[in-house]
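Colleague: Mind folding the following:
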Amino acid sequence: MSLRYSKNSIKIISGNSHPELAQLICNRLSAPLTNIKALELSNNEDVVLVGESIRDQDIYIVQTGCGGSEKLNDYVMELLLMIRACRTASARKITAVIPNYPYARQDRKDKSRVPISSKVMANLLQTAGCDHVITLDLHASQIQGFFSIPVDNLYAEPSVLKYIQTHFPDKENVMLVSPDVGGAKRVASLADKLDTLFALIHKEREKANVVSKMTLVGDVTGKVCILVDDMADTCGTLCKAADLLLENGAKEVMAIVTHGIFSGNAVEKLNNSHLKKIVCTNSMPLGKTLQQCSRLEVIDIAGTLAEAIRRLHNGESVSYLFNNVVY
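Modeller: Model prediction:
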């Protein structure tokens with residue numbers, strides 16, 4: 001579906017974190033990618049050069065937070081420099097399209113003498129000159145309150161809902177499962193719309209990214225269990241959750257997540273796990289991971305992001321996207 005836009009031209013800029021997603025968004029908007037160079041010098045400094053006039057234009061910079069990449073902080077710096085380059089080039093409005101918001105899990109002070117890093121990230125974006133942020137399934141919704149500029153937090157829920165309805169028409173045998181208490185609200189919302197039951201798993205962490213104990217709340221006997229979460233990082237939680245569900249009588253287990261980070265040896269864990277399938281959106285670059293993990297399936301979220309850009313550009317509401325899928 002080709003989306004149409006009005007007023008002055010949309011300028012889509014792609015960072016180096018996920019150029020494939022930026023191109024998919026451009027294809028849906030029938031708009032070319034803006035000519036820009038973002039290079040890394042031999043001394044590891046980034047240099048950004050906008051190769052065409054963007055004066056009085058609406059700029060949309062697509063740069064996701066590649067949490068599983070050693071270049072995460074480089075991509076953050078690159079985004080900040082791109083925003084600043086557009087600001088000094090007299091852009092009318094600059095919107096950062098950040099599907100996976102960096103440092104989203106560091107949203108509160110849960111220990112002594114630690115920073116609230118997601119707040120620092122918000123300050124950096126605003127100081128650089130960002131006017132608006134579009135993101136997808138924030139790990140913590142209160143991050144929107146860290147900004148003094150508008151933040152549109154889109155949801156993958158409509159796409160996930162459509163996927164489940166298409167692949168599991170017999171909802172009586174399906175049970176949604178939250179792998180932790182924090183995701184219970186997300187799973188409950190999906191279960192309510194599907195008119196099906198849900199269960200949750202209470203987990204205790206020994207330290208960051210290491211789960212020591214898991215307890216299942218709910219009866220999953222004979223059910224096809226679908227673990228639903230906002231992100232899959234090291235995948236230890238998902239793999240242990242799958243084992244727990246099967247031990248408690250589940251027929252089979254799969255997982256659906258929004259952001260497939262897959263850091264460290266996550267792919268190896270998935271390949272050796274009892275998960276039948278893991279589904280995620282293309283909010284993150286997945287080229288190598290798709291080759292290494294045959295169980296991985298991707299939901300294209302580019303249509304939702306493109307429609308959000310079109311609606312924002314034309315001054316329309318984006319709330320339509322909270323409950324509808326755009327292809």
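
Colleague: What separation do you get for S112 and I143?
Modeller: 22 Å (C-beta to C-beta, to the nearest Å). No exception for glycine: its C-beta is placed from N, CA and C like everyone else's.

Colleague: I256 now?
Modeller: From I256 to I143 the distance is 22 Å (C-beta to C-beta).

Colleague: who's more crowded, S112 and I143?
Modeller: Neighbour count, other C-beta atoms under 10 Å: between S112 and I143, I143 has more, with 24 against 5.

Colleague: give me phi/psi at that one?
Modeller: Phi and psi for I143, reported as degrees, to the nearest 10, are phi -60, psi -30.

Colleague: how about it, what does it touch?
Modeller: Y101, A104, D107, S118, A122, V151 (C-beta atoms under 8 Å, 6 or more residues apart in numbering).

Colleague: at 10 Å instead, please
Modeller: Neighbour list for I143: 101, 103-104, 106-108, 116, 118-119, 121-122, 133, 135, 151, 153 [criterion: C-beta atoms under 10 Å, 6 or more residues apart in numbering].

Colleague: swap in N324?
Modeller: Contacts of N324 by C-beta under 10 Å, 6+ apart are P158, S159, K162, T304, E307.

Colleague: Then I98?
Modeller: 15, 17, 61-65, 75-76, 79, 104, 121, 125, 130, 133-136, 138, 151, 283.

Colleague: Return the subset of those lying in helices.
Modeller: Y75, V76, L79, M121, L125 (DSSP state H).

Colleague: with those residues in mind, which one is nearest to G182?
Modeller: The closest of the ones in helices among the contacts of I98 to G182 turns out to be M121 (C-beta to C-beta; 20.0 Å).

Colleague: Let me know the pLDDT of the residue nearest to that closest one when sequence neighbours are not counted.
Modeller: Of all residues beyond its chain neighbours, the one nearest M121 is Y103 (5.0 Å), with distances taken as C-beta to C-beta, 6 or more residues apart in numbering. pLDDT, Y103: 95.

Colleague: hang on, Y103 packs against V114?
Modeller: No. Taking C-beta atoms under 10 Å as the definition, Y103 is not a contact partner of V114, at 11.9 Å.

Colleague: These two: which has the busier surroundings?
Modeller: Per other C-beta under 10 Å, whichever of Y103 and V114 has more neighbours is Y103, with 21 against 10.

Colleague: now the strands for this structure?
Modeller: 10-14, 36-40, 46-50, 58-62, 93-98, 132-136, 151-154, 174-178, 198-207, 210-217, 224-232, 252-260, 278-281, 296-299 (DSSP state E).

Colleague: export these to TSV and tack on distance to Y327 and mean pLDDT?
Modeller: Compiled in TSV, the strands of the chain are given as follows (distance: least, C-beta to C-beta, whole Å; pLDDT from 0 to 100):
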stretch	distance to Y327	mean pLDDT
strand 10-14	19	94
strand 36-40	28	91
strand 46-50	31	94
strand 58-62	19	97
strand 93-98	18	98
strand 132-136	16	98
strand 151-154	15	97
strand 174-178	24	95
strand 198-207	27	80
strand 210-217	36	77
strand 224-232	21	95
strand 252-260	18	97
strand 278-281	13	97
strand 296-299	11	96
